[in-house]
Every structure is written in structure tokens, then in C-alpha cells.
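# Task: produce atomic coordinates for the following.
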Amino acid sequence: MGRCQAQKALFVDFNEEDNSSKMAASKICLLVFLVTLGAMGQNLFEMEIKPIDLTNLPPHPRLVATDLTITRVRNSISSSASANRTYTLLLIEGNQILNEPPVTPPKASPEAGILTTARKIVGRLYTLGLLYRITGEMLWVTRAEQEMLAVLKFPSWNPAHFLDVAEITGAMAFGYDWMYNALSSSSRSAIAEGIYRLGLVEGLRAAYNGTTSDGWWFKSYVNWNQVCNSGLAIGALAIADDPRYTAASELVLRKALEGLPISVREYGPGGVWPEGVAYWGYALKYLSALLASLETVFGNDQGLALTGLPLAGRFIIDSLGPGNTYYNWADASDRQLFSYASLLMWLARRFSVPAYAYAARTIADQPPIGTDFWGSTAWHLLSFTSDGEYADLDKYALMQYDATRDLGFFRTAWTHFAPKPTPACAWVGFKGGNNSLNHNHLDHGSFVFWLDENQWVIDLGADNYSLPGYFGKQRFTYYRLNNFGHNTLTFDDKIQVTTAADHITSFNTSLSSTPFALLSLSAAYADAATAVRRGISLFIGATCDETGLVVADHIVNPKAKKVVWAMHTRATAALVDGGKSVILTSGSSSVQLGLSSGTAATCPQARFAFNDVSLDPPQYSTVGITHVTLTAATAACTEFAVLIGSPSFVAVTAPTVAPLDTWTVDGPQRE
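Okay, here's the model as predicted:
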């Protein structure tokens, strides 16, 4: 048996105490491996891999938190109240970590691996490392060193769920680099060896030589690409000056830079991430960390800031409603998260967009804020800039849509971002999309709606990832993930076509008081009708009481017998006039759902109803969620419009809604 074969192709069995002979053998095998890859060339990877010069690297710390960066961070803390508040949060986090024991090897779960532990490691090392860089105090190093040595005792970083390897590798790399000069030489050597053995070697084995299913993410479009390639590349940048690991680091970095553009291009052209806001945050967290590291190592980002990425901040700003919750389509929460602020801040600095910086400070300084810190507080400070003011953001268009992702928004103002924030009168988000994209739901035609002081129409967001088959064949049997659990249509109690792609066919803001959009839903409901169309229009009045939403639907040549129009709300519902309308109440506020006069005439039997949504565990709780429906027979009712607004808007000043076929010319209202 050859030496490399005996070593199981380089990449395993480094868990025994005596690793010296294995390390020596691994160096020989790695050279063979690199030569073999070089000989295979383009035939293996179908594109040229350009060499990367890792000679004359800057000294440690060279990854983001350089001396120049830390001087800027200290100046921000002393001169900006916003930065000082974030630094106070960082100190609170750091002191909590000092009182917690280091991590211990966790048991991996089939669904989430060891991600919970990995993210604890990320948060701890970002926090402790930056506190050391800012203060120079050794107590942060001592605790971080304990953490990193504990992580080295893990039997593996769980390559079967490669996100775990990537996140831990990136965190260990930053800890190693930021505290390099304060760590003992023995700890430095052990940590570098661990980054190589448990991180880079696993990336080479799983993905970069294309031999195992663990590396499927290498050239995928999804968030895993950016997380895994970036985490490994950051690890390579950290240890590349150690001659034991230079060759492997160079290969990992080259391969990561080869795979990343496939995913980064998905931000283009308009900045909308195809997996929704949550995975916008997750993918960009690691991509931004790599791009910032490349900048401080090479002086450039190796061409990874592709078209669309500079606009990624606009997507998250548009997605934030007046109540500081997000349009959480796909697998996402609607919570305000600190990580989004930190990533907006990085985008602001990287692409010189003052409006992003202003929005990031506003989000970071304004409760409620989610506690998804795992390094976000540190990243916010490292990227912090005082650029921008409300006037920069207030220039943004109030009506926005992305034709690639078929996502649109209407709003009446940006005042929730103002220095003295007040909620805007109205905000609407709506979508077509592609049901087959990763993390997406069967939600074509769905929408969310804020009016006055409440969000009346909500998206239920993600469910429990541990549910059987959540990412498999059972995915669309779960209420939250299919059209039953969204604010759209259902025909004959059937789900939407799971491979459907539907588009926003018209987005018209020329009528400033009645912006509207038309969506084709024909692919999603191909089995139900020849064509299905939905129109969304915001009627903007002089006051909130005179403002309302119109949701109009047109069914062409129906094959289905029954259609159910639906929405979800946290408000209390009450039927009016035998179900001809519904009153929703939240606190002292109320809105009404009613039918346009034309619908009432052509669909006389259509009636509203409502029920509490009750899902069995382990599905997430739906306590307080009400499902409002309008049911009609398609034989008599092929075009109908629902009005949502104040009772006076619906009952007194309700607009006359024109047929959808005419909206492209004159909009939804006739004089």
C-alpha cells in the first residue's frame, strides 16, 4: 500500500496524540495531490485557475483588524454616540464570555450539524479578538486562547455538514490573526495546525478535488457557496505565511475564488438575494468578511464585488417596514436583526453609499433588535462610518421592484428612518418568484401590508428546520411553506406548482397616488386555469384614513371549481353583514376588508370567513395568528377585488376598481 493510500488520501486520522509522522507524510501526499491537480488542469474544473502570490504577505494582524483599522475604530468610539453604544454592547458580550466555560465537543444533529456551537465560537472569537485589538488587555486573549484550544479538541469540525467547518475555520482564523502577537508560540502553532487539519484539508478533500458529496456547495448558487468558500479562504489567508501550509493555502484560496463568483452573481442586477432576507444576511456575513480580508491582505478584493452587490443594501432597506419588521418571504423571520445593520455598514464603507451607513446606524440604535450577535457587534464596529444623513436615504424612490426576483414594494414615506422616527402611513411588499429556488415557499402572489400604526397582513416565515423532510419531499406539506399558509390564492385545496416561475409583468408608478403592479400567477396555478393574474395597488390619500390597498384577481377559463383568497394577521377579526366584509382590530386601531362594488355585483355569493391557525408541534406556534379567507365558486366569480383600509376607505371612499386587463393603460381606477 502506498504512503498516500495508507494515509487515506491525506485527509483523515489526525486525532491521535502522536501526529508528527502523519504530518510529515501529509506534506509528501499534499505535494503529490497538488501536482496531480495541476496536471488535470482545465479538464477537471473547466476554467483557468490563476496562481495567487502569497509571498511578502503583510504581518499579523492582516485580516481586517489591522493597526490602521483599529485606529479608525477607536476614533469612532470616542467621537460617535452610535459607535460608542455598539462598543458598550461589545463590552457586555465580552464580559459575559469571560464568565462562561469554553465550548465542549457537541453531538451533531442530521439537520443542523453543530451550527449552534459553531456560532457560539464565532461570536466569542470575534468579540474577544476585537476587544483585545481595541484595548490591548490580555484578559481577552487569555479567554480566547482557552476557547481556541478547546475547539482543537473536537474530533472534527463536522464536514458532513460543511457549514460547521467553514464557520469554525473563519472564526479560528480571525482569532489566530487578531491575537497572533499575544498568543504563546505553542498555541499559535497548534491553532495554525488545527485550521489546516480540521479546516483546509477538509475543504480540499470534500470540494476542491471534487471527490465527496460533502463539497456539493463549491460551485452552487446558494448561501452555502459564500459561507463555505469564504470561511476556508479566510483560514488560508491567516496561515499562508507558515511554510508548512503555504501550498495548501494557495490552492484553497484559488479554488474558493473560482467557486465564489457563481453565487455572488446572484445579487445581480438589482441586489435582491434569491433566498430571502435571512440568507441575504447569512451569505453576506461571510462574503463581506472575506472581501474585507482580501482588501487588507492584497489591497483589492480579487474582483469579487460583482454587479448587484453594491445594491444589496437597498434590498434590505426596502424590505424593512415602518414597524421595524421585514418582509420575511422564504425561510426567514420578520425580526429586526443586528447583523443586518452590521452588513449594511460594511456595504456603506465598501461601496461609499452614505444612505446605507445612515440606515445601519438607525437600525443598530433602535429597538427592538434581535440578539443574533455571533460577531455582528464586532463587525459593525470594524466597518463603522459616520457618513450619511436622513436626506441621503430620503432621496430613495418610495416604489421599488426587482424584475429578476419579481419582488416589489410600495411605501408612502421613509419616516421610520428619520432622526425622530414616526411610522409611515403605508407599506406593501409583494412577490412572484420561483418556487423551486432554495429556501423559497409556494407563495406566488403573496403580500404584506402595513397601514397607520399596524402591520395588518403578515408572512408566517420559516418553520422548524427539524421537521421531517423539511428540505426534502415533505417540504410543501407544511402549512407555512405552501400556499395555504400565505396571502394568496388556493384552487380546489391544491398547492401551487412546485416548479413554477411567475413574474411581475407591469410595475407602474406614473400615477403617484395609485401605484400598481400586475403579476402573472399562471405558472403556479397551471392546473387550475388557463391564466391567473393578480393586481396590487396602493391608493394613497391625503390621510391614512383615506389610504388603502386593492388586491384584484382575474381567473381566465377556470378548470378548478373553487377559489379561496386568503391572508394572515395578528389582529382580532369580526365578520360584518353576514361575511360580506371583515373588521380587523389591533389595540385601538382597526381596518376593514371588503369587496369592490363590481365584485359584490358579479360574485354575490362570495363570503369572508376566518379561523385561528393551529399547527401541531414541532411546527412553530401560531398562537395569535388569524387566517382570513374569501371563498367563491369560479363558475360565477372569475374577477374580484378585495379592499383593505380604514372602515371609511372601504365603506365610504372606496375606489371603483377597473378590470385587470385595463390596468396597464389607466391603472386600477376609473374616473
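# pLDDT weak spots in the stretch 1-150 of the chain?
1-50, 110-112 (pLDDT under 70).
# helix, strand or coil for residue 62?
coil (DSSP: H, G, I helix; E, B strand; the rest coil).
# can you count the residues close to it?
20 (other Cβ atoms under 10 Å). Every C-beta, even on glycine, is put in place using the N, C-alpha and C of the backbone.
# Now do the contacts for it.
By Cβ atoms under 8 Å, 6 or more residues apart in numbering, the contact set of residue 62 is 177, 237, 293, 296, 297.
# Now do the third one: how many residues are near it, please.
Look at residue 293: counted by other Cβ under 10 Å, it has 25 neighbours.
# again with residue 397
Residue 397 has 11 neighbours, counted by other Cβ under 10 Å.
# for the residue nearest to it when sequence neighbours are not counted, what are its contacts?
With sequence-adjacent residues excluded and distances taken as Cβ to Cβ, 6 or more residues apart in numbering, residue 397 is closest to residue 509, at 7.7 Å. Residues in contact with residue 509 (Cβ under 8 Å, 6+ apart) are 397, 399, 515.
# Skipping adjacent residues, who's closest to the second one in space?
Using Cβ to Cβ, 6+ apart and skipping the chain neighbours, the partner closest in space to residue 399 is residue 509 (4.2 Å).
# thinking again about what came up before, check what pLDDT the residue nearest to residue 397 gets.
Residue 509 carries a pLDDT value of 85.
# And residue 262, which helix or strand is it part of?
If you go by DSSP states H and E, residue 262 is part of helix 246-264.
# swap in residue 278?
Assigned by DSSP H and E, residue 278 belongs to helix 277-298.
# Which SSE is immediately downstream of that helix?
helix 312-319.
# Show me which residues of that following helix are buried.
Under the neighbour-count criterion of 16 or more other Cβ atoms under 10 Å, helix 312-319 has 312, 313, 314, 315, 316, 317, 318, 319 buried.
# Could you name the helices and strands sitting against the helix or strand following it?
Proceeding N to C from helix 312-319, the next assigned helix or strand is helix 338-351, under DSSP H and E. Helices and strands touching helix 338-351, by 3 or more Cβ pairs under 8 Å, 6 or more residues apart in numbering; DSSP states H and E, are helix 277-298, helix 312-319, helix 354-365, helix 376-383.
# for the record, mean pLDDT for the first one?
pLDDT averaged over helix 277-298 equals 97, rounded to a whole number.
# For it, name the packing helices and strands.
Helix 277-298 sits against helix 162-178, helix 223-239, helix 246-264, helix 312-319, helix 338-351, helix 376-383, with contacts defined as 3+ Cβ pairs under 8 Å, 6+ apart.
# gap between the last one and the chain center?
Think helix 376-383. Centre-to-centre, helix 376-383 and its host chain are 18 Å apart (Cα atoms, centre = their mean, to the nearest Å).
# Please identify the buried residues of the helix or strand just after it?
Once helix 376-383 ends, the next helix or strand along the chain (criterion: DSSP H and E) is helix 390-394. By 16+ other Cβ under 10 Å, the buried positions in helix 390-394 come out as 390, 392, 393.
# looking at it, the second one is touching residue 360, isn't it?
No - at 12.0 Å, residue 392 and residue 360 do not qualify as touching, with contact defined as Cβ atoms under 8 Å.
# Need the per-residue pLDDT for the closest residue to residue 463 other than its chain neighbours.
Distance criterion Cβ to Cβ, 6+ apart; nearest residue to residue 463, sequence neighbours excluded, is residue 480 at 4.4 Å. At residue 480, the pLDDT value in this model is 98.
# ok, residue 480 to residue 272 distance?
22 Å (Cβ to Cβ, to the nearest Å).
# who has more neighbours, the two?
residue 272 (27 against 23).
# Which phi and psi values does the more buried one adopt?
Dihedral pair for residue 272: phi -80, psi 130, per degrees, to the nearest 10.
# Next: residue 428.
phi -130, psi 130.
# That one: neighbour count?
Residue 428 has 26 neighbouring residues, counting by other Cβ under 10 Å.
# returning to that earlier point: so which of the helices and strands packed on helix 277-298 gets nearest residue 603?
For residue 603, the closest of the helices and strands packed on helix 277-298 is helix 312-319, at 33.5 Å, according to Cβ to Cβ.
# helices or strands up against the closest one?
Helices and strands touching helix 312-319, by 3+ Cβ pairs under 8 Å, 6+ apart, are helix 277-298, helix 338-351, helix 354-365, strand 400-402.
# can I get the CA coordinates of it in PDB?
Provided in PDB are the C-alpha atoms of helix 312-319 (Å, rounded to 0.1, in the frame of the first residue of the first chain):
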ATOM      1  CA  ALA A 312     -27.600  44.600  -1.900                       C
ATOM      2  CA  GLY A 313     -28.100  47.300   0.800                       C
ATOM      3  CA  ARG A 314     -31.100  48.700  -1.000                       C
ATOM      4  CA  PHE A 315     -32.800  45.300  -0.900                       C
ATOM      5  CA  ILE A 316     -32.600  45.100   2.900                       C
ATOM      6  CA  ILE A 317     -33.700  48.800   3.300                       C
ATOM      7  CA  ASP A 318     -36.800  48.200   1.000                       C
ATOM      8  CA  SER A 319     -37.600  45.000   2.900                       C
END
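# rewinding a little: how close does the residue nearest to residue 399 get to residue 96?
Distance, residue 509 to residue 96, using Cβ to Cβ: 48 Å.
# now residue 65
Using Cβ to Cβ, one gets 21 Å for the distance from residue 65 to residue 96.
# cool, and residue 283?
Distance of residue 283 to residue 96, given as Cβ to Cβ: 28 Å.
# what sits against residue 560?
Contacts of residue 560 by Cβ under 8 Å, 6+ apart are 491, 492, 494, 525, 527, 528, 529, 634.
# For residue 421, the count of nearby residues, please.
Residues lying near residue 421 (other Cβ under 10 Å) number 15.
# Hmm, residue 363 and it touching each other?
No - with contact defined as Cβ under 8 Å, residue 421 does not reach residue 363; the gap is 10.8 Å.
# May I have the phi/psi pair for the residue nearest to residue 399?
Main-chain dihedrals, residue 509, degrees, to the nearest 10: phi -120, psi 10.
# For residue 418, the count of nearby residues, please.
Neighbours of residue 418 (other Cβ under 10 Å): 14.
# and if you look at residue 484?
There are 20 residues near residue 484, going by other Cβ under 10 Å.
# and what of the one 10 residues further on?
Other residues within reach of residue 494, judged by other Cβ under 10 Å, total 14.
# Quick check on residue 283 and residue 96: which one has the bigger neighbour count.
It is residue 283, of residue 283 and residue 96, that has more neighbours when counted by other Cβ under 10 Å, with 25 against 11.
# Distance of that one relative to residue 470?
Residue 283 is 20 Å from residue 470, where distance means Cβ to Cβ.
# And for residue 478?
7 Å.
# shared neighbours, these two?
Common neighbours of residue 478 and residue 470 (Cβ under 8 Å, 6+ apart) are residue 463.
# Residue 435: what's it in contact with?
By Cβ under 8 Å, 6+ apart, the neighbours of residue 435 are 441, 442, 444, 496, 497, 498, 499, 500, 501, 524.
# what about burial for the residues you listed, which qualify?
441, 442, 444, 496, 497, 500, 501, 524.
# so of those, which ones are in helices?
Applying DSSP state H to these, no entry is found in helices.
# possible to save these as TSV with distance to residue 288 and pLDDT?
Output for the buried ones among the contacts of residue 435, formatted as TSV (distance: Cβ to Cβ, whole Å; pLDDT from 0 to 100):
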residue	distance to residue 288	pLDDT
441	27	98
442	31	98
444	31	98
496	34	98
497	36	98
500	33	98
501	29	97
524	34	98
